[in-house]
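Undergrad: mind looking at a prediction? Sequence and model below.
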Amino acid sequence: MKNKLMLVLTPILLLLLSVVAYLKFVNVETDSSKFKKEYEFFNGKDTSYGEKYLNIKVRSDNPIKYSNYDEVIDVIENKTGIIYLGFPECPWCRNAIPVLLDAAKQNKVKTIYYLNILNDRDSYVVEDGSLVYEKDDKGKELKGTTGYKKLLKVLDNYLTDYTIRYEDELYETGEKRIYAPSVIFVKDGRVLGIHVSTVDSQTDPYKSLTDEENDELYSIYEGYINKLYSNSCKVGSSC
């Protein structure tokens, strides 16, 4: 009886060991690991402007969820959540994201919806005194994607005007703009706030935040997170 049992269990044990070994050596990429790789990839590399990308360390246990415009708009209109709009080449984003992820970790945030908006936005330049669409490396005009334009309409009341300053003259595009990084805090389909960039005192995004600036930005994010997941609102204050 014992020998028969061993004959049955041995193949099962070998199969389990094989599965464990396979999972150990195969890299299963999650949204968290993908995001970490995406942002740390630029550490120390040169930018096209002659600067160096800031070295950052992204938490491996980050709650990032790669999203799309339909999902993000659904959260804004109907749900509760945090949305991060940015891209890894953005120097302001590279300062902001470690702070955001630390605040999320300390406050047990389970999900941050992420959209890389680098190639989705429309972009203008001034030529011969007039605004024209900027072109990419292949000569295609950057008119903005359909998803981006839908999101502009949804966030219209919360966004600033898209203006271009050229040779001391200000040009109005007649549109709004989503600047990076933008972190949107939504509760029950109501936008509590959108925090853009980092803090007012930071003027050079290619340098790390000071300890004081880091703490200030952390407090901003944490304040919104606390409002987001609180169960009640005080009279006379936002929530």
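TA: Everything's here; your move.
Undergrad: quick one, helices of the protein?
TA: 2-25, 31-40, 69-78, 91-106, 146-154, 211-229 (DSSP state H).
Undergrad: any idea of the mean pLDDT for the first one?
TA: Read that as helix 2-25. Average pLDDT, helix 2-25: 54.
Undergrad: isn't Lys65 up against Leu115?
TA: No: counting by CB atoms under 8 Å, Lys65 does not reach Leu115; the two are 10.3 Å apart. Quick note: C-beta positions are derived from backbone N, CA and C, even for glycine.
Undergrad: looking at those two, which is more packed in?
TA: Legend: neighbour count by other CB atoms under 10 Å for Lys65 and Leu115, higher for Leu115 (22 against 18).
Undergrad: measure the more buried one to Phe87 for me?
TA: 9 Å (CB to CB, to the nearest Å).
Undergrad: same question for Lys79.
TA: From Lys79 to Phe87 the distance is 24 Å (CB to CB).
Undergrad: same check on Lys37?
TA: 14 Å.
Undergrad: which one's the longest strand in the protein?
TA: Criterion DSSP state E: the longest strand present in the chain is strand 169-177.
Undergrad: partners of that one in the sheet?
TA: Applying DSSP bridges, strand 169-177 is found paired with strand 160-166 (antiparallel).
Undergrad: in terms of neighbours, single out the busier of Lys79 and Phe87.
TA: Using other CB under 10 Å as the criterion, Lys79 and Phe87 rank with Phe87 on top: 19 against 13.
Undergrad: thinking the more buried one is in contact with Ile117, fair?
TA: Yes: Phe87 lies in contact with Ile117 (CB under 8 Å); the separation is 6.3 Å.
Undergrad: give me the common contacts of the two.
TA: Ala180 (CB atoms under 8 Å, 6 or more residues apart in numbering).
Undergrad: not counting its neighbours along the chain, what's nearest Val191?
TA: Counting by CB to CB, 6 or more residues apart in numbering, Tyr158 is the residue found nearest to Val191 once chain neighbours are left out, at 5.8 Å.
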